[in-house]
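A.B. asks: Just the structure for this:
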Amino acid sequence: MSSVSSNPGRKTYLFTNQDLKRLIIPLIVEQILAVTVGMVDTMMVSSVGEAATSGVSLVDMINTLLINLFAAVSTGGAVISSQFLGQKNREKACEAANQLLVVTGLIAVGVMTLAIMFRRGLLGLLYGSIEADVMKNALIYLVISAVSYPFLAVYNSCAALFRSMGNSRISMQASIIMNVLNVVGDAVCIFGLHMGVAGAAAASLISRMTACVILTCRLRDKKLEIHIMPEHFGWNLPLVKKILHIGIPSGIENSVFQLGRVLVVGMIALFGTTQIAANAVANNLDSLGVLPGQAMSLAIITVIGQCVGAGDFKQAEYYTKKMMKLTYLINGLCCTLVIVTMPLTLKLYGLSAETLKLAAILVMIHDGCAILLWPSSFTLTNVLRAANDVKFPMVASIASMVIMRLGGGYILAVVLGYGAIGIWCAMVMDWIVRVLCFVSRYRSGKWKTFYSV
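C.D. replies: Numbering: from 1, shown residues only. Prediction:
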């Protein structure tokens, strides 16, 4: 990785094209593999029946909410570590890594305990009165999934730290191992041992534990720019505050966003198992289209964070434009590919024709609109976060979610009776508002005023 030249007439950029390729390509592969975990679970569980599929999909919405909470705190650690690397302060970057693992580990253990203790009340609160067989499967899947939260939180933190160094290859390798274990475990537990949803959850648990151990061990290498020092674990309150200054607003934003998704699924649940299952299938497929945007969101934290840490906002603007253009290009190609291949991919799900027809409509709504709207709705916000501008994205996202996705979704889905289709149309309305907010914020330049050494 090159650095800014001391010659004012000649500037060498912090990241060469080769640096960006080494960062971005493994991230895209990793995101594809991450989505594969949920897809494999849903596809294999679908062989057990629609009640099992619905139960898994309902819990996966909760899991996604909590995973995003862990990821937000990890993002806080990644931003701070990237900024320290931009300052060439390796010692502080390593201290931030230690604090990140302590904070995410403790939060995850607390969340795991609460999820297990209040599992039935949680499902009832979010989804209301659901069919007994769906509730039974959901309870089993939630308990086993909850045990994996601490491992998943630490894994996410370690992966974020590797990305801060511009090294996403190691986390990609761990993700490959995790997914292979998950697929093999699903096959053995569901088809061999006939464990149903418990088998799917157990396979995910084992795979997440393994990936966590691998990355934790790799991060102890003192040759790395950022490494953890178990002998120095403890509280460093100034660093914890810096991490949480980024992580808490991002966590609130992501958690409210995912909670909104859970609540709209609760609206969909009013229309029966077919619509729940169709929503689950659509969520699996449409997520493939926006994987490049998710990968670029992670890469932007590293790149813009280091530019900000170096105090070079011209480079931050340069890389923002470059990476957003690339996001739109790849995102558009992937969304188009998902739409074109739907006649083949839908056959992988052993569900009714009515369910698959509705799923196809939902995917068309999502990926068709995502080509134009998704990158500016979600990827661009990490430019703001990498510069410590975290409150505006939080407030704008929550307001848009409550007014457009929840309020608009209720009117379209429940009042007007459009069901899942109404919910997904409200989602597009939410995206439009987010684009208007975040593009105007970026162009105003106010995001450059929040960082201080």
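
A.B. asks: secondary structure class for the spatially closest residue to Ala93 that is not a sequence neighbour?
C.D. replies: Closest residue to Ala93 apart from its sequence neighbours, by CB to CB, 6 or more residues apart in numbering: Phe84 at 3.9 Å. The way it works is simple: take the backbone N, C-alpha and C, and place the C-beta from them, glycine included. Put simply, Phe84 is helix when judged by DSSP: H, G, I helix; E, B strand; the rest coil.

A.B. asks: For Phe84, give its distance to Val390.
C.D. replies: Counting by CB to CB, to the nearest Å, the gap from Phe84 to Val390 is 18 Å.

A.B. asks: What of Gly419?
C.D. replies: From Gly419 to Val390 the distance is 35 Å (CB to CB).

A.B. asks: ok, which stretches of this protein are strands?
C.D. replies: Assigned by DSSP state E, the chain shows no strands.

A.B. asks: Am I right that the residue nearest to Ala93 is in contact with Gln99?
C.D. replies: No: using CB atoms under 8 Å, Phe84 is not in contact with Gln99, being 11.8 Å away.

A.B. asks: in the stretch 101-250 of the chain, which ranges drop under the pLDDT threshold?
C.D. replies: Residues of the stretch 101-250 of the chain that meet the criterion pLDDT under 70 lie in 230-234.

A.B. asks: quick one on the thing from earlier: more neighbours: Gly419 and Val390, which one.
C.D. replies: Shown here are Gly419 and Val390; by other CB atoms under 10 Å, Val390 has more neighbours (26 against 21).

A.B. asks: ok, and the closest non-adjacent residue to the more buried one?
C.D. replies: Pro249 (4.0 Å).

A.B. asks: neighbours around the one you found, how many?
C.D. replies: By other CB under 10 Å, the residues close to Pro249 number 22.

A.B. asks: That one and Asp19: what is the separation?
C.D. replies: Distance of Pro249 to Asp19, computed by CB to CB: 29 Å.

A.B. asks: For the stretch 201-350 of the chain, which segments count as helices?
C.D. replies: Here the stretch 201-350 of the chain has its helices, by DSSP state H, counting those that start in this stretch, at 237-269, 273-289, 291-309, 313-340, 342-345.

A.B. asks: among those, which gets the worst mean confidence?
C.D. replies: Note on the helices of the stretch 201-350 of the chain: helix 237-269 shows the lowest mean pLDDT, a mean of 79.

A.B. asks: name the helices or strands packed onto that helix?
C.D. replies: Other elements packing on helix 237-269 under the criterion 3 or more CB pairs under 8 Å, 6 or more residues apart in numbering; DSSP states H and E are helix 50-86, helix 90-117, helix 119-127, helix 273-289, helix 391-400, helix 419-444.

A.B. asks: so the fifth one versus helix 419-444, what angle?
C.D. replies: Regarding helix 391-400 and helix 419-444, their directions subtend 150 degrees when assessed with axes from the mean of the first three to the mean of the last three CA atoms, to 10 degrees.

A.B. asks: swap in the second one?
C.D. replies: Per the same axes, to 10 degrees, the angle that helix 90-117 makes with helix 419-444 is 160 degrees.

A.B. asks: and stretch 439-453, what's its mean pLDDT?
C.D. replies: Rounded mean pLDDT across stretch 439-453 is 87.

A.B. asks: Tell me the buried residues in it?
C.D. replies: For stretch 439-453, burial by neighbour count (16 or more other CB atoms under 10 Å) applies to 441-442, 447-448, 450-451.

A.B. asks: and for it, what are the contacting residues?
C.D. replies: Contacts of stretch 439-453 from elsewhere in the structure, counted by CB atoms under 8 Å, 6 or more residues apart in numbering, are 83, 87, 308, 313, 316, 320, 376, 380, 383-384, 387-390, 392-393, 396.

A.B. asks: go with 7 Å
C.D. replies: 87, 308, 313, 376, 380, 383-384, 387-389, 392 (CB atoms under 7 Å, 6 or more residues apart in numbering).

A.B. asks: Could you count how many residues lie near Met229?
C.D. replies: Look at Met229: counted by other CB under 10 Å, it has 12 neighbours.

A.B. asks: residues near the nearest residue to it once chain neighbours are set aside, how many?
C.D. replies: Spatial nearest neighbour of Met229, excluding adjacent residues (CB to CB, 6+ apart): Asn98 at 6.0 Å. Counted by other CB under 10 Å, the residues lying close to Asn98 total 22.

A.B. asks: Could you verify my assumption that Asn98 touches Trp235?
C.D. replies: No: if you go by CB atoms under 7 Å, Asn98 and Trp235 don't touch, sitting 9.9 Å apart.

A.B. asks: any chance of the helices of the stretch 201-350 of the chain in JSON lines, plus distance to Gly199?
C.D. replies: Putting those into JSON lines (distance: least, CB to CB, whole Å) gives the following:
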{"stretch": "helix 237-269", "distance to Gly199": "23"}
{"stretch": "helix 273-289", "distance to Gly199": "18"}
{"stretch": "helix 291-309", "distance to Gly199": "26"}
{"stretch": "helix 313-340", "distance to Gly199": "28"}
{"stretch": "helix 342-345", "distance to Gly199": "23"}
